[in-house]
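# no letters, just coordinates:
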């Protein structure tokens, strides 16, 4: 769905200003490469926080605590 929305926005931009749309099309891979390290750092931090959460909750899990679903 996100890709379809981006494609529709690009088509609208192409109709309004085709040079700008072509520039965006050419610069998109460069921008993606520049933002890739930040995405990788985010994935790493998510893993670290999941590990810390598992370590903190380990005693409760060993004692048999189960979380209940909140509706």
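Alright, I've got the coordinates. Values in this document were obtained by computation on a predicted structure and should not be read as measured data. Numbering: from 1, shown residues only.
# off-centre distance for the lengthiest helix in the chain?
Counting by DSSP state H, the longest helix found in the chain is helix 18-62. Mean C-alpha position of helix 18-62 versus that of the full chain (CA atoms, centre = their mean, to the nearest Å) differs by 6 Å.
# I'd like to know how many residues surround residue 12.
11 (other CB atoms under 10 Å). To be clear about C-beta, it is placed using only N, CA and C from the backbone, and glycine gets the same treatment.
# hang on, the earlier thing: by contact count, what packs against the longest helix of the chain?
helix 2-16 (3 or more CB pairs under 8 Å, 6 or more residues apart in numbering; DSSP states H and E).
# quick one: list the elements packing against the helix it packs on.
By 3+ CB pairs under 8 Å, 6+ apart, helix 2-16 packs against helix 18-62.
# run the last query once more with 6 Å
Helices and strands touching helix 2-16, as assessed by 3 or more CB pairs under 6 Å, 6 or more residues apart in numbering; DSSP states H and E, are absent.
# chain center to that helix: distance?
On CA atoms, centre = their mean, the centre of helix 2-16 falls 20 Å from that of its chain.
# residues of that helix that come out buried?
residue 13 (16 or more other CB atoms under 10 Å).
# show me what contacts the residue nearest the centre of the chain?
Geometric centre of the chain, nearest residue: residue 39, 7.0 Å, by CA atoms, centre = their mean. By CB atoms under 6 Å, 6 or more residues apart in numbering, residue 39 lies in contact with nothing.
# state the pLDDT value of it.
pLDDT recorded at residue 39 is 95.
# can you check the one 5 residues further on too?
You'll see residue 44 listed with a pLDDT of 97.
# measure how the longest helix of the chain sits relative to helix 2-16, angle-wise.
160 degrees (axes from the mean of the first three to the mean of the last three CA atoms, to 10 degrees).
# now the residue nearest to the centre of the chain: how far from residue 25?
21 Å (CB to CB, to the nearest Å).
# try residue 58
49 Å.
# repeat for residue 42
On the measure of CB to CB, residue 42 and residue 25 end up 26 Å apart.
# same thing with residue 51?
40 Å.
# quick one: pLDDT of residue 59?
Value listed for residue 59 in the pLDDT field: 87.
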